[in-house]
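Novice: The following block contains a protein sequence and its predicted model.
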Amino acid sequence: MPRIFAFLVSVGIATAKQPNVILIVTDDQSPVAGCYGNPVIKTPNLDALAKEGVRFTEAFATTASCSASRSVILTGLHNHFNGQYGHTHRYHKFESFASMRAFALPQLMSQVGYRTAQIAKLHVAPESVFHFDQYLPGSSRNPREMAENCRGLFEEKTDKPFFLYFCPSDPHRGGGVDKSFPGKHKPDLFGNLPDKKSRKGVKEVFYDPADVVVPPFLPDTPESRAELSQYYQSCSRIDDGLGRLIELLKETGHWDNTILIYTADHGMAFPGAKTTVYEAGLRVPFIVRDPRLKTKGLVNKAMISHSDITPTILDMAGAYNAKLNKPKKPLSFGKAGKGENTGKVPQKYHGRSWLPILDESSAKGWDHIVASHTFHEIQMYYPMRSYRDRDYKVIWNIAYRQPYPFASDLWAAATWQAQLEKGQNATYGGRSVKSYIQRPKFELFDISSDPDETRNLAELPQYAELLKEYQDKLKVAQKETGDPWIMKWKYE
């Protein structure tokens with residue numbers, strides 16, 4: 001019996017009826033939630049969703065940069081291949097190649113009968129590649145309002161299923177600073193309103209900085225705690241919107257035929273996480289609630305990444321060729337204009353569908369991920385490539401000779417500025433300010449015993465052979481995913 005058919009039978013899916021699919025992608029959210037073991041933050045709706053479905057514990061972004069990551073989510077192809085090397089908005093101007101339309105998710109879903117809708121943050125281009133049938137209005141800083149604005153999609157009288165791409169801007173930095181903070185460096189509001197005001201219709205949850213859990217990659221300082229308390233509030237606002245979205249699905253009769261996938265584009269917006277390929281930048285929450293699945297509250301330890309999302313959703317829709325790892329019917333993308341580079345035509349997805357192993361706790365063959373970062377803002381050229389399995393992780397800092405470039409909002413972060421002011425030898429999590437800014441060519445970490453990545457084994461002679469082994473694994477991954485930066489091994 002073919003594996004995918006066996007899975008469908010095991011969960012009682014005997015019909016070919018297509019389920020509705022909602023893909024929720026938050027902005028800069030680490031797996032900081034009650035269901036991920038945080039005892040302080042209030043995320044009751046996400047926790048309930050985890051109890052209803054599957055919680056992945058080893059889920060990763062492929063890059064910790066917004067546009068680049070979202071391009072991978074919606075194409076199943078690494079950004080170094082799809083062309084979305086960095087941000088798309090304003091002067092940054094990166095966008096995916098026209099050829100990516102052949103494999104991109106939104107129009108493939110439309111092709112197989114779905115009504116496709118997008119709300120709030122899209123942050124990828126061009127529209128010809130990432131086209132949705134509907135673009136719903138709503139404040140990206142008010143997920144409850146976003147949910148309310150999806151009611152029309154849910155209530156539409158039609159037999160066609162829907163695919164909804166639901167993307168709030170929380171908990172991204174923004175909205176000014178908390179001027180009431182007594183210190184010199186004022187914490188960012190993370191989209192919260194000043195003076196503990198509430199967004200319209202939202203029951204805001206406020207946090208005492210003394211109560212937050214400071215992750216190991218950050219310094220335990222008043223500034224860090226103050227920013228984390230704002231971050232927590234922003235995450236709880238997302239949870240409020242998630243709760244309303246679920247209520248609307250139940251009210252409109254779609255709860256029992258809708259798959260929800262909840263994740264984030266990458267980790268939290270703090271130096272040491274966002275724009276790095278360290279664990280704090282790549283680890284993301286990942287909850288899947290499939291009403292067809294009989295097992296509830298499952299914890300899945302498979303190592304998955306954002307490159308797996310598009311093939312999986314196509315699999316759910318019956319539009320995925322598992323044998324060839326590509327769409328059943330790739331889309332055409334038109335002829336190139338004079339002087340236009342449409343990009344290479346993709347032959348297969350870089351990720352793969354995890355639908356067949358959704359009901360397993362420890363699936364075989366899901367034991368490594370690949371990360372690829374090149375730009376964030378256009379002035380931030382700092383290509384990094386990483387290969388990570390359950391034992392070790394190698395990072396290749398291709399532009400290691402130059403200082404690590406900061407995103408504008410992360411440089412201004414009170415958490416960073418307070419430590420920078422103390423000097424180059426000041427601690428920053430398990431690193432120093434100096435070592436965070438000036439990085440070696442290679443970093444090798446024993447992830448099993450050093451999950452916080454504090455001891456670089458690449459500089460130790462006794463690990464030279466192991467380093468080469470993981471460098472070779474990285475090279476293979478680069479070749480398989482069409483990474484142009486593989487040339488740097490030869491001439492630098």
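Specialist: Noted; the coordinates are in hand. Please read all numbers here as calculations on a predicted model, not as lab measurements.

Novice: what sits against L474?
Specialist: Going by Cβ atoms under 8 Å, 6 or more residues apart in numbering, L474 touches 370, 385-387, 394, 396. Every C-beta, even on glycine, is put in place using the N, C-alpha and C of the backbone.

Novice: again, only this time at 7 Å
Specialist: Each residue near L474 by Cβ atoms under 7 Å, 6 or more residues apart in numbering is listed here: 385, 387, 394, 396.

Novice: So what's the residue count around the closest residue to the third one other than its chain neighbours?
Specialist: It refers to V394. Closest residue to V394 apart from its sequence neighbours, by Cβ to Cβ, 6 or more residues apart in numbering: Y470 at 3.9 Å. Y470 has 24 neighbouring residues, counting by other Cβ atoms under 10 Å.

Novice: Same question for N45.
Specialist: The tally of other residues near N45 (other Cβ under 10 Å) stands at 21.

Novice: Output stretch 426-434 as PDB, restricted to C-alpha atoms.
Specialist: Output of stretch 426-434 as PDB, limited to C-alpha atoms (Å, rounded to 0.1, in the frame of the first residue of the first chain):
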ATOM      1  CA  ALA A 426      30.600  42.900  27.500                       C
ATOM      2  CA  THR A 427      28.600  39.700  27.500                       C
ATOM      3  CA  TYR A 428      25.800  39.100  25.100                       C
ATOM      4  CA  GLY A 429      24.100  35.800  26.000                       C
ATOM      5  CA  GLY A 430      26.800  33.100  25.600                       C
ATOM      6  CA  ARG A 431      28.900  35.400  23.500                       C
ATOM      7  CA  SER A 432      30.700  38.800  23.800                       C
ATOM      8  CA  VAL A 433      29.700  41.900  21.900                       C
ATOM      9  CA  LYS A 434      33.000  41.600  20.000                       C
END
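
Novice: Please enumerate residues in contact with it?
Specialist: By Cβ under 7 Å, 6+ apart, the list of residues contacting stretch 426-434 from outside reads 216-219, 272, 419-420, 424-425, 436, 452, 454.

Novice: Please apply the same query to stretch 93-102.
Specialist: By Cβ under 7 Å, 6+ apart, the list of residues contacting stretch 93-102 from outside reads 67, 71, 75, 77, 82-88, 107, 124-126, 128-129, 330-331, 333-334, 341-346, 375.

Novice: Using CSV, list the CA coordinates for that stretch.
Specialist: In CSV, the C-alpha atoms belonging to stretch 93-102 read as follows (Å, rounded to 0.1, in the frame of the first residue of the first chain):
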residue,chain,number,x,y,z
LYS,A,93,13.7,45.7,-4.4
PHE,A,94,14.5,42.0,-4.3
GLU,A,95,11.9,39.7,-5.9
SER,A,96,11.6,36.2,-7.0
PHE,A,97,12.2,35.1,-10.6
ALA,A,98,9.2,34.8,-12.9
SER,A,99,9.9,31.1,-13.4
MET,A,100,9.0,30.5,-9.8
ARG,A,101,5.4,30.8,-10.8
ALA,A,102,5.6,27.3,-12.0
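
Novice: Mind listing what's buried along it?
Specialist: By 16 or more other Cβ atoms under 10 Å, the buried positions in stretch 93-102 come out as 94-102.

Novice: try stretch 17-25
Specialist: Using 16+ other Cβ under 10 Å as the test for burial, stretch 17-25 gives 18-25.
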